[in-house]
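Participant: No letters, just coordinates:
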């Protein structure tokens, strides 16, 4: 039996957007659960039972296999998914269709 999760976390983990951006989408009324528009943050869902839609498109609840990539970042690359200044990012080094979330050691 799958545990309930916060709606914004579910959306973010399924690639809709960042968790904070998903919170904005929820407040704007762009997310539905079982056909009902949700605007309250912190709403919990059961991913195995509830049907979640974003802008009218159903979010498929697939079991995710995570892949972890340890990369020694070369000089000249930044640890980011995208850059407003068009600099090279670590995603330019990793060629995959899977969603990659760069994380740096602090």
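Facilitator: Yep, it's here. No experiment lies behind these values; they were computed from the predicted model shown.
Participant: how about the helices in the protein?
Facilitator: With DSSP state H as the criterion, the chain has helices at 7-13, 19-27.
Participant: for those helices, which one ends up most surrounded?
Facilitator: helix 7-13 (a mean of 21; mean count of other Cβ atoms under 10 Å). Quick note: C-beta positions are derived from backbone N, CA and C, even for glycine.
Participant: residue ranges for the strands of the chain, please.
Facilitator: Ranges of strands within the chain are 5-6, 31-33, 36-38, 44-45, 52-54, 57-58, based on DSSP state E.
Participant: Check the gap between the residue most central in space within the chain and residue 68 for me.
Facilitator: Geometric centre of the chain, nearest residue: residue 12, 2.7 Å, by Cα atoms, centre = their mean. Per Cβ to Cβ, to the nearest Å, residue 12 is found 18 Å from residue 68.
Participant: which regions of the chain lie under the pLDDT threshold?
Facilitator: For the chain, the stretches with pLDDT under 70 are 1-2, 63-64, 106.
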